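> give me a model of this one.
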Amino acid sequence: DGKVLEGEGAPEYTAFYIHKEIHAADPVKNVCVLHTHQPYASALCCLKNGKMEMVHQNCLRFHNDIAYDPDFNGLVMEENEGQRLAKVMGGKRVLLHSNHGIIVVGASAAEAWDDLYYFERAAEVQVLVYSTGKPYTLIGDEVAAGFKKDMDEGKAGWAKNYFDAAKRNLIKQGKDADFD
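Below you'll find the model as predicted:
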């Protein structure tokens, strides 16, 4: 409902309307909702009919788990747009929001962060592939589905280990002021 639970201030409502509705759509699967405007993922969002092509193993982590929203309606200033975005996601882990950015959900902060990181890496490879102007090779559905299944089986553990390592690195660098 936008009530501040700790500290002072008010929610940033454009983000609140997006996150609230996506959390509500599946509170178990969507424990963490991350929304960013990273350069390579955003570049895919700006292409006409842009989508993640299965051209690299990092792309395969998201095989058949990406929703595409072709409609950019400006700033999200009301719950209706957040509800629309949640509906467009349709239970997928990733949403490419046209002319805007990416939304990733996870059952934990570690899983969402891991997917956000690897999606940006996959998008970077795809943009580089496109930049060659040469034909590219798609990985077949059977291999892609098998790879994703294998990744999904170990994902929670791998994501937690990677997330914990990243936090240790920030602590080591003295950049842990917000870790409580």
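
> now the helices: where do they sit in this protein?
Counting by DSSP state H, residue ranges of the helices within the chain are 13-25, 39-46, 57-60, 79-89, 109-132, 141-172.

> which of the ones you listed sits closest to I102?
When the helices of the chain are ranked by proximity to I102, the top entry is helix 39-46, at 4.3 Å, counting by CB to CB. (C-beta placed from N, C-alpha, C; glycine too.)

> tell me what that closest one is packed against?
Helix 39-46 sits against strand 94-97, strand 101-106, helix 109-132, with contacts defined as 3 or more CB pairs under 8 Å, 6 or more residues apart in numbering; DSSP states H and E.

> what does the shortest one rub up against?
Contacts to strand 94-97, defined as CB atoms under 8 Å, 6 or more residues apart in numbering, come from residues 41, 44-45, 50-52, 62, 65-69, 72, 85, 88-89, 102-105, 115, 119.

> who's in contact with the spatially most central residue of the chain?
Per CA atoms, centre = their mean, the C-alpha nearest to the average position across the chain is that of V104, at 2.5 Å. Under the criterion of CB under 8 Å, 6+ apart, the neighbours of V104 are 33-35, 93-95, 112, 115-116, 119.

> TSV for the residues you listed, including distance to H23?
Compiled in TSV, the contacts of V104 are given as follows (distance: CB to CB, whole Å):
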residue	distance to H23
V33	6
L34	12
H35	12
R93	14
V94	16
L95	14
A112	12
D115	16
L116	16
F119	20
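
> quick one on the thing from earlier: Throw the helices of the chain into CSV and include mean neighbour count, mean pLDDT and distance to D178, thanks.
Written out in CSV, the entries for these read as follows (neighbours: other CB atoms under 10 Å; pLDDT from 0 to 100; distance: least, CB to CB, whole Å):
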stretch, mean neighbour count, mean pLDDT, distance to D178
helix 13-25, 18, 88, 17
helix 39-46, 18, 96, 24
helix 57-60, 20, 96, 28
helix 79-89, 18, 91, 26
helix 109-132, 18, 96, 13
helix 141-172, 13, 92, 9
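
> how many neighbours does E6 have?
Applying other CB atoms under 10 Å, we find 5 residues neighbouring E6.

> ok, now the one 3 residues further on?
By the measure other CB under 10 Å, the count of residues near G9 is 6.

> pLDDT score for it?
You'll see G9 listed with a pLDDT of 83.

> need the contact list for it.
Going by CB under 8 Å, 6+ apart, the list of residues near G9 is empty.

> let's have the chain start at 50 instead
I'll keep to 50 as the first residue from here, and by that count the last item is G58.

> distance check, it against F65.
12 Å (CB to CB, to the nearest Å).

> stretch 68-81: end-to-end distance?
When the termini of stretch 68-81 are compared using CA to CA, to the nearest Å, they are 9 Å apart.

> what does that stretch rub up against?
Outside stretch 68-81, the residues touching it (CB under 8 Å, 6+ apart) are 51, 82, 84, 128, 131-132, 134-136, 138, 140, 152, 154-158, 160-162.
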